[in-house]
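>>> 3D, please:
(chains A and B)
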Amino acid sequence: NAGVTQTPKFQVLKTGQSMTLQCAQDMNHEYMSWYRQDPGMGLRLIHYSVGAGITDQGEVPNGYNVSRSTTEDFPLRLLSAAPSQTSVYFCASSLGSHTIYNEQFFGPGTRLTVL
Amino acid sequence: DAKTTQPTSMDCAEGRAANLPCNHSTISGNEYVYWYRQIHSQGPQYIIHGLKNNETNEMASLIITEDRKSSTLILPHATLRDTAVYYCIVRVSNSGYALNFGKGTSLLVTP
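All right, here's what the predicted structure looks like:
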């Protein structure tokens, strides 16, 4: 298993540009989430999904869109990048509702800089 | 979710036990205690979780007080590779799509 994969590893954007951060998992996990981590801070939840076709907002959703058309993929779209979105983005997945607890598996992160 | 309080930073000598405390005085009966760690620049990694009993796995031990208001993560023989930020998270079970990460404890293991 590759686990949770994220592409790209690094990205530099100009203000106003749009882009999609890719996340994929090959563990047949129901739950997937996107977090951002700013320097010296913990992770904050952007959006999450509890299954294909179902998404919801987390703590800091503004400026981001998500969709979940397949179990495996959960892309994060930046509609019009702003310098405040400079951060490290982590995607995570976990088994889902049929387990008592849900250990989350994290990807390696995408380091985004918006100029 | 119950709020957690952890020290900002701790040091530990290599080969000694690292004991990382966490206070969660408002924990409710159906909330679990989870521990994750984040080694520099990597994604967080699950370590262990528990409800009320002490737990042990190949990575660590988790000691939860009888009143469940605090817990301690124990790394029995810390190595340099254990240098990381450790997060204590309290969460209702079966809701693992989102975790509330605070700032955690930055553990430095020294030679």
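
>>> Chain B contacts on chain A?
Counting by CB under 8 Å from any CB of the partner chain, the residues of chain A lying close to chain B are A:4, A:31-33, A:35, A:40-45, A:48-50, A:58, A:88, A:90, A:92, A:94-95, A:97, A:99-109. In short, each C-beta sits where N, CA and C put it, glycine included.

>>> out of these, which are buried?
With neighbours counted by 16 or more other CB atoms under 10 Å in any protein chain shown, those contain buried members at A:4, A:31-33, A:35, A:42-45, A:48-50, A:58, A:88, A:90, A:92, A:94-95, A:101-109.

>>> Can you flag which of those residues belong to strands?
For those, membership in strands holds for A:4, A:31-33, A:35, A:43-45, A:48-50, A:88, A:90, A:92, A:94, A:105-106, with DSSP state E as the criterion.

>>> ok, the nearest residue to residue A:79 once chain neighbours are set aside to residue B:62 distance?
Nearest residue to residue A:79 in three dimensions, chain neighbours excluded: residue A:18, at 5.6 Å (CB to CB, 6 or more residues apart in numbering or on different chains). As for residue A:18, its distance to residue B:62 is 43 Å (criterion: CB to CB, to the nearest Å).

>>> With neighbour numbers in mind, choose between the two.
Residue environment comparison for residue A:18 versus residue B:62 gives the larger neighbour count to residue B:62, 22 against 11, counting by other CB atoms under 10 Å in any protein chain shown.

>>> so how far is the worst-scoring helix or strand of chain B on mean pLDDT off the chain centroid?
Here the helix or strand of chain B ranked lowest by mean pLDDT, DSSP states H and E is strand B:84-92, holding a mean of 90. In terms of CA atoms, centre = their mean, to the nearest Å, the centre of strand B:84-92 is set 5 Å apart from its chain centre.
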